[in-house]
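*Asks:* After the sequence you'll find the predicted model.
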Amino acid sequence: MIGHLTRRIVGGAIVLLVLSALIYTLFYLAPSDPAILACGKGCTPERLADVRAAMGLADPVWTQYWHFLQGIFTGRDYSLGPTVRHCPAPCLGYSFETSQPVTTLLMDRLPVSFSLAFGAEILSLLLGIGAGLLSGTRRFRWFDRLVNGLVLAGYATPVFLVGLLLLLLFCVHLQWLPFPQYVPFTTDPLLWAQNLLLPWIALAVIQTAAYARLTRAGLQESLAEDHIRTARAYGIPERRILWRKALRGALLPLVTLTAVDLAGIITSAVLTETMFGLPGVGQLLVGAVNQIDLPVVVGVTLLTGLIMVLANTAADLLYAAVDPRVQLR
Amino acid sequence: MIRALLRDRGFVVGAVIATGMVLVAVTAPLLAALAGQDYTTYHDTLLDSARGGVPIGAFGGVSGEHWLGVEPGTGRDLFARVVYGARVSLGVAVGATILEVLLGVGVGIAAGLGGRWADAGLSRVIDLVLSIPSLVLAISLLAIVPQDWPRPLILAVVIALLGWGGTARISRGETLSLRTRDYVAAAQVAGAPWWRVARREILPGLTAPILTYAALLLPTNMVAEAGLSFLGVGVRPPTPSWGQMLSTATTWFRADPAYVIIPGLLLFLTLLSFVLVANGLRRVLDPRQREILR
Amino acid sequence: MRRFVPIVLTATVLLAGCQGGGGGDTTTSNAAFDPATCQGGTLTVLNQGGITHLDPARLYTSGGGNLPSLLFRTLTTRNRQPGDAGTKPAPDLATDLGTPSDGAKTWTYHLRDGIQFEDGTPITAADVKYGIERSFAPELPGGAPYLRDWLAGAADYQGPYKQPDGITSIETPDDKTIVFKLSKPEGDFPFLATATQFAPVPKAKDNGVDYEKHPISSGPYQVESYEPKKSLVLVRNTHWSTKIDELRYACPDRIEVTSGLDSAVINQRIVTGAGQDANAVTTDAVVGPEQLAQLGTGSELDKRVTRGEFPSTTYLAFNTKKAPFDNPKVREALSYAINRTSVVNALGGSAVVGPSTTFLPPQKALGYQQYDWFPAGDTGAPDKAKQVLAEAGLSNLSIELAHENDDSEGIGPKVASAIQEAFKQAGVTVKLNAIDTGTYRDITGKPATQPGLSLATWGADWPSGGPFLIPIFDGRQIITAGGNFNLAQYNDPEVNAEIDAINALTDPAAAAARWGALDAKLGKLALVLPLTHEKDVYLYGKNVKNAYADGWRGQLDVGRVSVK
């Protein structure tokens, strides 16, 4: 168990290291120059050289990358002009575009992405498990079919398409909802939920069907198991069998998936966020890529990479926790 | 096997639509010519310039000449753009899928047959590929690739480079289980070179699971292309793509809803048809893998 | 050129006594507006792009910007009037527009009495000088380049952090006097002195890059909170009063700016006007197609719109050093072939963009003179173009067109595709060359790498013909090392001499007439192919009063609107 965790952590660290080095190399190879953007119109070559030096871009790429790594572990100092400011570890640097600390930018955006992901995940779990149970008990064949169809349709529906159609229907045609605009939970929980409703639904449409199908399969499998049959033979009421025994077995596989799916939503939230204009991590990335804002791009990449690593580890641990047959080595 | 497939109604419907779409993509120039349109000509007279350039007329300016109406802001024929858009969507998806299968199967077999160290090393690489946030990296990659490189090819390569992990993992697993079989072990003991073992003994055993998996990769890759084009890092104008149309539609859907519905519906139908095909294949080829679809 | 200016306001109220003559659109709404009693309430500003750097050294504004000029008073500022009167500078911190001497190579300003920073410290000439010096620091890039070009000995100056002795060409003989020594005559200096670089900065409070977190205000408001590209909250500066500033009315008690919103959402919110949105304006979200549909004459919404024009031209730049564009016949033929209607549609339709046949946009202050030397009609004259090409012995011409790879600045794929299609009608094959937006200016601005044909835009940093024509046509401004705007690479000593002669004029009206004549003369050479000019149409909230398009920027002035 401990050995497994250690290996996971080392592996995760390598993933993050490779990712950040990759981004640095890519941006170094790219023809775009952030100093030109910062310098602005009518920038003479002499001025450009000065600006580039002030931005720390005059050093060779490996020196820049080394400084970046140093910043993460020991922090680093940045010149403000008249004075120097210390960026404490873990320092991801400052945005080329706005001079804000990258960690602050990420922390600002994370609640939006988390709100989006958790809400959508909870919604799809509720709907998915509900639908799965209904169809799993085989009482309604047509419902069973419907879920089957929806699984396939959900798989074939990009989130930005559902998003567009939802906006078209609810905001333009029916005018039931205003166009989504993020309101922090701490400001007004009701408005927060109202504004996130459409993005949640858009994401849930895709996820729900998969959960329904899994629940149904799990339920059927556990209903067929010996101990359930024994229970039935003893005359225990069907409803109690269903809730007490079968459900547990049916939901186990879902638990492990939740972590990975959550990470998936966060790391691919850029589409949903762009679609609905939510100021999350994904939107930050798209803006930063357009502005050649290397520190922010690296920051977002590392953060999403970290979320993936954590989710995969969590999934492993959960799996071991809920299924005693699995041993982590 | 064919008969089993034909008994699956979903598969048949999917296969018919999918074949139709492929035909549309292949014959795009012919279809556009048949409609008497091309995908670049501007029709300024069909737009209401004072209202920002929305098409004049109902449902995005549908008429006898412009079967699906015209694009807002340019007046380009939507039918022509949609059929040409099919080329990009399908082309990139098919290209990426082929690359993923080649790469994934290659690495998977190498890991499976290559001995302990090769397996350990390659497995780490596969894990790495599987655990990177691929959309995030794809956006960065595509943003910095020189603009004059052939865009659809670049798209296919980027999607494949970030998405071959699954194929590799499956191939490795299957290879490991196949090599314990007697006939493979016998071939190895008999001193057959590894590439012959791979080709003669392993590859045939991989066909069914990989085919099933690839059939699902295809729609996934199509979504990826549409998503990247949606974010503005996909193909370059004037080349049309469905994702790009949907992206433009985000600024037009209030004023010209028809412009969302046509490319959206096509994308949905095409994806659905491929999923149905994949689903049918899975049932027939690989009854063990019940839940591959999640 | 980019417009960094983040602020636009719209309004249609005429003030008694405030109506400049001429041009602006002034629809009346509220005759009762009185600057003396307009104080109160919170103004909401809903924007797409936010301010990335709230540092007077780093802002690139025209006329001091809309929101920035609420914090930063400058030596001169824009007149804040509708129409033509609004295109003139007015004294702000200074007592007048400046006294030229030495043939407009030296400009002297005197500061007015009683001016203070937000902490009550008096503003001195040294503070103004220090503010300008900061803009030379490489740590604070982004501002307009003019001072680096105009001030004597500025080329070697790297800002006060590296050279604390300061720049020698700015003298402050006493606390109230500041003298600028230029390297050449510049009659437009009072226009340049409206830029935020001319705002005072107290040296004691300067913490370099971090100064923007709380820049020290000299204007009617001060910063309560600021997050780049996201939000800005302004509250009253108690050390400012209308006694020391007649130009800003500063009616709202509080101004809350939210940025990063979708343009369609902004406009919808202003139309609906629920809650605080009734007090909302936008300074950068031009109306979209869905509002244009509701903007019929006499409609309710039509009373809540300002229509103005920011002087700016989108054009095709010919590199006359490269074949085939060294051949005037080719340039003329393409000028005939262009279909301006498709370009207008690609840029948002006739409500927000107008076709241009002249390089100068249609503003009187710039010296605009109508001409159309190569009439292409609304949708192009491909036959005439073919004929010109045939006469020149050129057929099956194949050319490449460079453009940015996104449409954010209006010179992206949409416009390029429209041009490609128009030229095709004249038998000219165009290959599109998309260049990354981040490097576009770098590639087009170096003559060695400049493509033969490229899309470009040019906006006026102030309403005068000089900044519009000089960088584009002055042969001495061809900068080979990079940052070049004379994309035609045209160098005619006669034209250069005329530019010098106009620059020495300190009467704007006399200068305007000659800039216009120069533009018309240059137009005959087809060195550029003008496409469109910008129109600014902005909505504002139900409760907003005294909103009108300011003649300088074509947008409503936040310094003058009221929500009481």
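*Replies:* Right, received. Where do you want to start?

*Asks:* CA only for contacts and neighbour counts going forward, please
*Replies:* Will do.

*Asks:* show me where the chain has helices.
*Replies:* By default, I'm working from chain A. For chain A, the helices defined by DSSP state H cover A:2-29, A:34-39, A:45-54, A:61-74, A:102-136, A:141-155, A:159-166, A:189-223, A:226-233, A:238-240, A:247-267, A:269-276, A:281-290, A:294-322.

*Asks:* actually it's chain C I care about, not the one you picked
*Replies:* Under DSSP H, chain C gives helices at C:125-134, C:146-150, C:189-192, C:263-272, C:289-292, C:328-337, C:340-346, C:382-391, C:413-425, C:437-444, C:465-473, C:493-503, C:508-523.

*Asks:* Just checking the first one against chain A, any contact.
*Replies:* No: under the criterion of C-alpha under 8 Å from any C-alpha of the partner chain, chain A is not reached by helix C:125-134; the shortest gap measures 9.6 Å.

*Asks:* Point out the other helices and strands that that helix packs with.
*Replies:* strand C:170-174, strand C:177-181 (3 or more C-alpha pairs under 8 Å, 6 or more residues apart in numbering or on different chains; DSSP states H and E).

*Asks:* Format the CA atom coordinates belonging to that helix as CSV.
*Replies:* Below are the C-alpha coordinates for helix C:125-134, written out as CSV (Å, rounded to 0.1, in the frame of the first residue of the first chain):
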residue,chain,number,x,y,z
ALA,C,125,6.0,69.7,-12.5
ALA,C,126,8.5,67.2,-11.2
ASP,C,127,5.7,64.7,-10.8
VAL,C,128,4.6,65.1,-14.4
LYS,C,129,8.2,64.8,-15.5
TYR,C,130,8.7,61.6,-13.4
GLY,C,131,5.5,60.1,-14.9
ILE,C,132,6.9,60.5,-18.4
GLU,C,133,10.3,59.1,-17.4
ARG,C,134,8.7,56.0,-16.1
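
*Asks:* Tell me what angle that helix forms with strand C:170-174.
*Replies:* 170 degrees (axes from the mean of the first three to the mean of the last three C-alpha atoms, to 10 degrees).

*Asks:* Could you list the buried residues of helix C:125-134?
*Replies:* C:125-134 (16 or more other C-alpha atoms under 10 Å in any protein chain shown).

*Asks:* before we move on, back to that, could I get the helices and strands packed on helix C:125-134 in CSV, plus columns for distance to chain B?
*Replies:* Output for the helices and strands packed on helix C:125-134, formatted as CSV (distance: least, C-alpha to the nearest C-alpha, whole Å):
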stretch, distance to chain B
strand C:170-174, 43
strand C:177-181, 44
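
*Asks:* Can you say which of these is packed in most?
*Replies:* strand C:177-181 (a mean of 20; mean count of other C-alpha atoms under 10 Å in any protein chain shown).

*Asks:* neighbouring contacts of that strand?
*Replies:* Residues outside strand C:177-181 that contact it (C-alpha atoms under 8 Å, 6 or more residues apart in numbering or on different chains): C:105-111, C:125-126, C:129, C:151-152, C:169-172.

*Asks:* quick one on the thing from earlier: dump the helices of chain A to TSV, plus mean pLDDT.
*Replies:* Below are those laid out as TSV (pLDDT from 0 to 100):
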stretch	mean pLDDT
helix A:2-29	85
helix A:34-39	85
helix A:45-54	88
helix A:61-74	91
helix A:102-136	89
helix A:141-155	77
helix A:159-166	88
helix A:189-223	85
helix A:226-233	75
helix A:238-240	73
helix A:247-267	79
helix A:269-276	87
helix A:281-290	88
helix A:294-322	86
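
*Asks:* Switch the ones you listed over to TSV; also include distance to residue C:324.
*Replies:* Formatted as TSV, the helices of chain A follow (distance: least, C-alpha to C-alpha, whole Å):
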stretch	distance to residue C:324
helix A:2-29	33
helix A:34-39	30
helix A:45-54	29
helix A:61-74	40
helix A:102-136	48
helix A:141-155	53
helix A:159-166	45
helix A:189-223	52
helix A:226-233	85
helix A:238-240	84
helix A:247-267	49
helix A:269-276	43
helix A:281-290	33
helix A:294-322	39
